[in-house]
Every structure is written in C-alpha cells, then in structure tokens.
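*Asks:* quick check, what structure comes out for this input:
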Amino acid sequence: MAEAVLSFIDAQHRHPLPDPKWYKPWDKRLGPGVVGLNLDLYAGSVLGLVGPNGAGKTTLLRMMAGILPLQKGEVKARFHSDTLAEVGDLRQWVGHMPEQVRWQGRMTVRDILIQLAEMRNVDQTRIDGLLGLVGLRGRQDEALNNLSQGMRQRLSIAAALLGSPKVLLLDEPFNGLDPVASQAFTDLVRRLASKGVSVVISSHMVAQLEGLVDRIALLHRGQLLDEGPMEDVERRLDLDGRYALSGTGEVDAEHLFHDLDVELLDLQQDDSHWSLTFRGSPLSVLQAAMANDVSITSWSPTRPNLVEWLCAATGMSVEDISLDVASSALLPMKTAEVGEDE
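*Replies:* Take a look at the predicted model:
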C-alpha cells in the first residue's frame, strides 16, 4: 500500500459557542466540530468526503487547509522528507477551494490570478500553465462578471493550485454545475491526481463520486465512521452486492426469487412497469426471469444512498437520522469524551 503523504492523528477542532453565566457573561463552551479524527491522505489519490449537512465536512477541510488549528491531536506529513514528520503551517502545501467563491467585478481572469500570485509570492509564469490546465486559456481576458458557474469553479481551482500544492481540497465542487460542466470538472480532477496531487472532494451525494474517487470517508456528527476504497467500506457495512432490475408488464417477485439465495430489498410496480432492487447473484436472477418470460428492460449494479450508509455505520434507524441541520445533530457523537463543563 502507498505511504501516506498527510496524516491526522486523534485530531480535534470544535467551534466555541456562547455559554453566558451571570458571573461570566462572555463565557464559551466547545460545540460542534470534528472529534478524534484519524485519517491518511495519499499522493495521486482522490478521497471522497461524504456526510449530511452539518456532519463537519467543511470544518475538516479547513483543518486540512491549516485555516483552523488543531485543539488536540497532531498532523504529520511527508511533503519534504521520506518519513512522516510534524508539519507546522499546512497552508504552503495545501490548496483549498471553498464551497462558494464570489468572483465578481470587471477584473479579468488573468488579472485576478496575477493579483493572487503576487499576494502569495508565486512566480507569475505559472499562470499560463494553470489557465491551460483548467481550460480557461481562451477566457483569460474575460471579466469576472461574465463567467458561468462552471468557469468560476475552474477559476477557483486555478487559484487553489497557484502554490503547486501537494494536497487539493474541494468543498462541494459540483454545486450548480450542469452535467457537461460536471464531466469536465471530473476530467480535470483525474488529470490533477495523475500528476501526483492528493485530492479531497467534499460532497453529500455519493452517486456524484462514483467512478471518480479512489477512497471514501464517511463523516457524521463530527466523527469519521469509516474510510477506505468504496467497495471495502460497502462490504464492511454489509451494503455490497446490490442490483437494480426493471421491466414492463408485471412481475411476481416472490415466485421469481423462489429457491434463489437472493434478498429482495425493494419492489415498485404499477400497471405497466416494475422495478426492484435485490442483493445476491444477478446471473441467477436473470436466468430465472428468462425462464419465467419476465420482460426486462434494464439491470445494473446500484450503490446505497447516503441515508443507508449512515444507518449501516451508526446502527440508527432512518427516522433517527435526519439530513436537516439541527443543533443536536451538530454535536459530536462521542459524548463520553466531552468534559462535564462542556
């Protein structure tokens, strides 16, 4: 297995919340954040950081970018040596693309990159290469006000890459992109990974990351529930081997699955169409369908959705897991590790 280029060990950052008392009106307590994080990043690997709203994804990315300091734990890197060593300032090694960057004004694409390069003390000769890499060379003289959402995302990546980072952090990069722009963005991420950059993509949509990420990390209430190749995580959570089958007419699922070692997970049927999801051998199901003259229009492997991932990882029911942001959902789950004064 490849060696980690960046490693977080028992890392924590929790945001302070007001906790006024009559004798301490400005007192604060530790609130939501990231607790007990152990995570490795690898060169040339794309990590998908998945979790619902309020899971702590943005907080974790800011910790990785060196914007938020570690309150506990340590961070080590292999940026300038062959061994993991403590690293002080991550900002010189990490490029960060926030979820929303408001590129506005009459300044051109090239001019804003020149300005950012001067602020970061980066050689301006890199700008031409970056414009070509992100596909904005033909738009370098375009005013920021005239950029589409896809172009703004490309510009944000170019800005994050100015310092030749070893790690690139992308916070919800697919927001607002149409399918064509999303595919172009995916191709760009693959090119960056092929150059040895370690890429972290934050998203609350598992389906968007399929075929793009090498590894996936499931975050919930400030804690890392599982991490690794998607197939390995699904197998550990008992969510692998699922297939979707659909067709026309009617289907008797009970009869179709009779004597088959197959688990029926879902069945939807109306007057003219049906669809079902099962777990087991797809070949045996297809053979049984053909033997029973069942009309099939499509079948394919299927991934669990985010709620199913969270239910399997936490042991909680669907009713207990809400994707709505609420104050209780933002608190770390490991309450036993939190002091009584917190």
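*Asks:* any idea how far Asp240 is from Leu218?
*Replies:* 15 Å (CB to CB, to the nearest Å). Where you see a C-beta, it was placed from the backbone N, CA and C, and this is true even at glycine.
*Asks:* just for this protein, where's the confidence low?
*Replies:* 1, 319-342 (pLDDT under 70).
*Asks:* domain ranges for this protein?
*Replies:* If you go by automatic domain parsing, the domain ranges for the chain are 4-236, 242-301.
*Asks:* reformat those as a markdown table; add mean neighbour count and distance to Ser317.
*Replies:* Putting the domains of the chain into a markdown table (neighbours: other CB atoms under 10 Å; distance: least, CB to CB, whole Å) gives the following:
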| stretch | mean neighbour count | distance to Ser317 |
| --- | --- | --- |
| domain 4-236 | 17 | 14 |
| domain 242-301 | 14 | 16 |
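*Asks:* wait, which of those is closest to Met316?
*Replies:* domain 4-236 (9.2 Å; CB to CB).
*Asks:* how long is that closest one end to end?
*Replies:* Separation of the first and last residues of domain 4-236 by CA to CA, to the nearest Å is 22 Å.
*Asks:* likewise stretch 59-79?
*Replies:* One end of stretch 59-79 to the other measures 23 Å (CA to CA).
*Asks:* use 31 as the first number from now on
*Replies:* In the new numbering, first residue 31, that becomes stretch 89-109.
*Asks:* ok, residues contacting that stretch?
*Replies:* 33-45, 62-64, 66-67, 71, 79, 114-117, 119-121, 123-124, 126, 196-197, 199, 201, 230, 232, 249, 252 (CB atoms under 8 Å, 6 or more residues apart in numbering).
*Asks:* just list the residues touching the nearest residue to Val243 once chain neighbours are set aside, thanks.
*Replies:* Nearest residue to Val243 in three dimensions, chain neighbours excluded: Gly78, at 3.7 Å (CB to CB, 6 or more residues apart in numbering). Listed by CB under 8 Å, 6+ apart, the contact set of Gly78 reads Ile231, Ser233, Val236, Leu239, Leu242, Val243, Arg245, Ile246, Ala247, Met260.
*Asks:* sec struct for the closest residue to Gly165 other than its chain neighbours, please.
*Replies:* Once flanking residues are discounted, Gly165 sits nearest to Arg184: 5.9 Å by CB to CB, 6+ apart. Following DSSP: H, G, I helix; E, B strand; the rest coil, the label given to Arg184 is helix.
*Asks:* dump the residue contacts of Arg184.
*Replies:* Val164, Gly165, Leu166, Phe215, Leu218.
*Asks:* repeat the analysis, applying 6 Å as the threshold.
*Replies:* Counting by CB atoms under 6 Å, 6 or more residues apart in numbering, Arg184 touches Val164, Gly165, Leu166.
*Asks:* in helices, which of these appear?
*Replies:* Here DSSP state H is the test, and the contacts of Arg184 give no hits in helices at all.
*Asks:* contacts for stretch 254-272, please.
*Replies:* Contacts to stretch 254-272, defined as CB under 6 Å, 6+ apart, come from residues Leu67, Arg245, Ile246, Ala247, Leu248, Arg309, Thr332, Pro334, Ala342, Ala343.
*Asks:* residues near the last one, how many?
*Replies:* Burial of Ala343, expressed as a neighbour count using other CB atoms under 10 Å, amounts to 19.
*Asks:* quick one: the residue nearest to it when sequence neighbours are not counted from Arg333, how far?
*Replies:* In this structure, Ala343 finds its nearest non-sequential neighbour in Leu255, 4.1 Å apart by CB to CB, 6+ apart. Leu255 sits 17 Å away from Arg333, taking CB to CB as the criterion.
*Asks:* swap in Asp268?
*Replies:* 14 Å.
*Asks:* between those two, which one's more packed in?
*Replies:* Arg333 (17 against 9).
*Asks:* run through the helices of the stretch 31-180 of the chain in chain order.
*Replies:* 87-94, 139-149, 156-163, 179-190 (DSSP state H, counting those that start in this stretch).
*Asks:* neighbouring contacts of the longest helix seen in the chain?
*Replies:* Longest helix in the chain by number of residues, with DSSP H as the criterion: helix 209-224. Helix 209-224 is contacted by residues Gly74, Val76, Gly180, Phe204, Val229, Leu242 when judged by CB under 6 Å, 6+ apart.
*Asks:* run the last query once more with 8 Å
*Replies:* Against helix 209-224 from outside (CB under 8 Å, 6+ apart): 74-76, 163-165, 178-180, 183-184, 187, 191, 198, 200, 203-204, 207, 229, 231, 238, 242, 244.
*Asks:* just to revisit the earlier point, can you redo the contacts of Gly78 as JSON lines with secondary structure and distance to Glu338?
*Replies:* Shown next, in JSON lines, are the contacts of Gly78 (DSSP: H, G, I helix; E, B strand; the rest coil; distance: CB to CB, whole Å):
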{"residue": "Ile231", "secondary structure": "strand", "distance to Glu338": "20"}
{"residue": "Ser233", "secondary structure": "strand", "distance to Glu338": "16"}
{"residue": "Val236", "secondary structure": "helix", "distance to Glu338": "9"}
{"residue": "Leu239", "secondary structure": "helix", "distance to Glu338": "15"}
{"residue": "Leu242", "secondary structure": "coil", "distance to Glu338": "20"}
{"residue": "Val243", "secondary structure": "coil", "distance to Glu338": "18"}
{"residue": "Arg245", "secondary structure": "strand", "distance to Glu338": "19"}
{"residue": "Ile246", "secondary structure": "strand", "distance to Glu338": "14"}
{"residue": "Ala247", "secondary structure": "strand", "distance to Glu338": "17"}
{"residue": "Met260", "secondary structure": "helix", "distance to Glu338": "13"}
